[in-house]
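J.: structure for the following, please:
(chains A and B)
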Protein chains: 2
Amino acid sequence: MSLLVVGSLAFDDVETPSGRRESILGGSATYFSLAASAFSPVRLVGAVGEDFPLALAEPWKARGIDTAGLEVVKGGRTFRWSGRYAGDMNAAETLRTELNVLGTFQPRIPAAFRSTDFLFLANTHPETQRSVLRQVERPRFVLADTMNLWIEKERPSLLALMGEIDGLLLNDEEARMLSGSRNLIEAGKRILEMGPKVVIVKKGEHGSFLFSTYQFFALPAYPMDRVVDPTGAGDTFAGGLMGSLARSRGVTIGNIKRGMVYGTVTASFTVEMFGTDAIAAMDAKAAEARYEEFLQFVSI
Amino acid sequence: MSLLVVGSLAFDDVETPSGRRESILGGSATYFSLAASAFSPVRLVGAVGEDFPLALAEPWKARGIDTAGLEVVKGGRTFRWSGRYAGDMNAAETLRTELNVLGTFQPRIPAAFRSTDFLFLANTHPETQRSVLRQVERPRFVLADTMNLWIEKERPSLLALMGEIDGLLLNDEEARMLSGSRNLIEAGKRILEMGPKVVIVKKGEHGSFLFSTYQFFALPAYPMDRVVDPTGAGDTFAGGLMGSLARSRGVTIGNIKRGMVYGTVTASFTVEMFGTDAIAAMDAKAAEARYEEFLQFVSI
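T.: Now for the predicted structure:
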């Protein structure tokens, strides 16, 4: 089934206890697409500046990533993010953000992408996410990511979005902020009442949590004894989840749970190396092998 | 099979967002015994002062807790702890500790307890834990708890202890401190190399982790939308684990994993009410019902 992602492409400067990299390829749509394409073809919509070498996206075609929605903004510069990780590496310290082309980007969904079964709205202003929904025929399953900035500053827009999507993806601190509860289980229940049918909470090294009307479900993270660079782990998780869902066809709680396992194992590739180095090299076979290994790790 | 715990009995003053309780029954041996006795008879060794009303321990007999090792120290006062929980309640702020009889307590194992299959050495000075090991015939499985104080101040004693036990139980911050690694997986591997065959890391609301030579295993916490009082959750976890292991007889990785599930569900009772109110009312039937429910929660 068809899968569309609307998100960012970026150049990142990253500093972790393992080292430093400058101007490496990043962005939510990038990580998402590289992960999801191990399981399903992906349609990508995003914007870059004229400084973005299109050769970077060339190998994506062989992975089944359709870049027809990649807009090169004339005279624009690509989004840049600088961040640093220390300690347990559960959160990045953002050192600098240059929105550049993202500052004015209004996603235009190509006609060929308007009928899509699965849609991932990567983190951006909730009104921008809503504008995408207005351009597409109702997908079977829409998952949206968000962040603390929109929870604090754009709550009405975010709440409106939450009535229009199927699933909300956010991290534990964001879930606490959005719900006003310090208890994550209570937080999940409250967010469910705000509209989405499923709420998926990312907890970094502590795994992930699924809240649905019917069932709750928790999963530990893949056990990594060395995390080189956590950048993109959340978007990779989303890519593994949505890619495997698109492959599995039916949106059932069982498939969402298995999708979270694929999200978990694909994210474990991303964090092994800087930037997209590891996830770009991951294929379906490597993902399946780690999936089986992970099932052993969580089986009682 | 027989199960012995050597630990503390206490009076606790506890303050949480749900309220305040003063001079309520607490202590590691108390929580451990109440949890373990749902699955197996328990032998308890500990010390109290003359201020401890023995009527408090009277109902324990009906649960199969043998208090022949409960020493009443003449002229002594019972250990007292005051603590406060706030925010996500993952850690207590200790307001006051009065060691009282624990300051000089040297556990004496009654002759009838010296041959015991399973032994839990609750948190205390590692030399005191080692003195217990010298008094008993080699049990089939010895699990020891510890804390940051001994990791920092009594490292050589703790390392000696770790060569003499089968399993070490500690929380995630303690694991990081003991190993010198911020990465919990690396921390677990390093601690395994210090001697114990299994290392079990408690992560509070994030669940627990098992490290063994053969296999790693992770388990989320039981989903609680309201935690009234986390005091004793760790010792309850140990009680559920060791009680179910003593019932299951064979010490296999499979039984340890299932024991961690019992530890998880028994701990979920403890945190529902202040002090020992909920765990003292928990019976095997209630524990089994929640065990089955938890299996659903973690099944993929």
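
J.: and chain A, which of its residues are near chain B?
T.: Residues of chain A found near chain B (CB under 8 Å from any CB of the partner chain) are A:87-89, A:176, A:182-186, A:189, A:203, A:205-207, A:209, A:215-221, A:223-227, A:257-258, A:261, A:295-298, A:300. (Each C-beta comes from the backbone N, C-alpha and C, glycine too.)

J.: ok, and the closest non-adjacent residue to the residue of chain A most remote from its centre?
T.: What lies farthest from the middle of chain A is A:Ile300; by CA atoms, centre = their mean that is 29.3 Å. Leaving aside its sequence neighbours, A:Ile300 sits nearest to B:Lys257 (CB to CB, 6 or more residues apart in numbering or on different chains; 5.2 Å).

J.: just the pLDDT for the residue farthest from the centre of chain A.
T.: We have a pLDDT of 90 for A:Ile300.

J.: counting only strands, which of the residues of chain A next to chain B make the cut?
T.: If you go by DSSP state E, the residues of chain A next to chain B have A:Phe209, A:Phe216, A:Phe217, A:Ala218, A:Leu219 in strands.

J.: which one of those has the most neighbours?
T.: Each of those was scored for neighbours by other CB atoms under 10 Å in any protein chain shown, and A:Ala218 scores highest at 27 neighbours.

J.: quick one: end-to-end distance for stretch A:245-256.
T.: For stretch A:245-256, the first-to-last residue distance is 7 Å (CA to CA, to the nearest Å).

J.: list of residues touching that stretch?
T.: For stretch A:245-256, the surrounding residues in contact (CB atoms under 8 Å, 6 or more residues apart in numbering or on different chains) are A:1-3, A:36, A:39-40, A:117-118, A:140-141, A:166-167, A:198, A:200, A:210, A:212, A:214-215, A:217, A:241, A:244, A:258-259.

J.: ok, now with 7 Å
T.: A:1, A:3, A:39-40, A:117-118, A:140-141, A:198, A:210, A:212, A:214-215, A:259 (CB atoms under 7 Å, 6 or more residues apart in numbering or on different chains).

J.: show me where the stretch 101-250 of chain A has its helices.
T.: Along the stretch 101-250 of chain A, counting by DSSP state H, counting those that start in this stretch, helices occupy A:126-135, A:148-153, A:155-162, A:172-179, A:184-192, A:233-248.

J.: deepest-packed of those helices, please.
T.: Counting by mean count of other CB atoms under 10 Å in any protein chain shown, helix A:233-248 has the highest mean neighbour count of the helices of the stretch 101-250 of chain A, with a mean of 28.

J.: pLDDT averaged over it - what is it?
T.: Here helix A:233-248 scores 97 as its mean pLDDT.

J.: check stretch A:205-219 too.
T.: Here stretch A:205-219 scores 94 as its mean pLDDT.

J.: give me the distance from that stretch to the chain's centre.
T.: Distance of stretch A:205-219 from the chain centroid (CA atoms, centre = their mean, to the nearest Å) equals 17 Å.

J.: and the spatially most central residue of chain A, what does it touch?
T.: Compute the mean C-alpha point of chain A, and by CA atoms, centre = their mean the closest residue is A:Asp235, 2.4 Å away. By CB under 7 Å, 6+ apart, A:Asp235 lies in contact with A:Ser28, A:Tyr31, A:Phe32, A:Ala122.

J.: ditto for A:Ala144
T.: Here A:Ala144 is in contact with A:Leu121, A:Gln129, A:Leu161, A:Ile165, A:Leu168, A:Leu169 (CB under 7 Å, 6+ apart).

J.: can I get those residues in TSV with distance to A:Met194?
T.: What follows is the contacts of A:Ala144, written out as TSV (distance: CB to CB, whole Å):
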residue	distance to A:Met194
A:Leu121	16
A:Gln129	15
A:Leu161	10
A:Ile165	11
A:Leu168	8
A:Leu169	14
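
J.: so how far is the first residue of stretch A:76-92 from its last?
T.: 26 Å.

J.: sorry, wrong one. I was asking about stretch A:53-72.
T.: End-to-end distance for stretch A:53-72, by CA to CA: 10 Å.

J.: can you list contacts of it?
T.: Against stretch A:53-72 from outside (CB under 7 Å, 6+ apart): A:25, A:33, A:37, A:41-48, A:50, A:52, A:109-110, A:112-113.

J.: that one: which residues count as buried?
T.: A:Ala57, A:Trp60, A:Arg63, A:Gly64, A:Ile65, A:Asp66, A:Thr67, A:Gly69, A:Leu70, A:Glu71 (16 or more other CB atoms under 10 Å in any protein chain shown).

J.: separation between the fifth one and chain B?
T.: Just to be clear, that refers to A:Ile65. To chain B, A:Ile65 is 28 Å away according to CB to the nearest CB, to the nearest Å.

J.: may I have the beta-bridge partners of that residue?
T.: Taking DSSP bridges as the rule, A:Ile65 bridges to A:Val42.

J.: on that earlier part again, from the contacts of A:Asp235, which is closest to A:Arg96?
T.: A:Ser28 (17.7 Å; CB to CB).

J.: contacting residues for the closest one?
T.: By CB under 7 Å, 6+ apart, the neighbours of A:Ser28 are A:Gly7, A:Ser8, A:Ala122, A:Asn123, A:Asp235.

J.: show me which of these is closest to chain B.
T.: A:Asp235 (22.0 Å; CB to the nearest CB).

J.: for the closest one, which non-adjacent residue is closest in space?
T.: Using CB to CB, 6+ apart and skipping the chain neighbours, the partner closest in space to A:Asp235 is A:Tyr31 (3.9 Å).

J.: I'd guessed the one you found sits against A:Ala238; true?
T.: No: A:Tyr31 is not in contact with A:Ala238 according to CB atoms under 7 Å; the separation is 8.3 Å.

J.: and the nearest residue to A:Thr116 once chain neighbours are set aside, backbone torsions?
T.: Excluding the flanking residues, the one nearest A:Thr116 by CB to CB, 6+ apart is A:Leu4, at 4.1 Å. Main-chain dihedrals, A:Leu4, degrees, to the nearest 10: phi -120, psi 140.

J.: can you tell me which residues contact A:Leu4?
T.: By CB under 7 Å, 6+ apart, the contact set of A:Leu4 is A:Arg43, A:Val45, A:Phe113, A:Thr116, A:Leu119.

J.: okay but the last one is in contact with A:Val136, surely?
T.: Yes: taking contact to mean CB under 7 Å, the distance of 6.5 Å between A:Leu119 and A:Val136 places them in contact.
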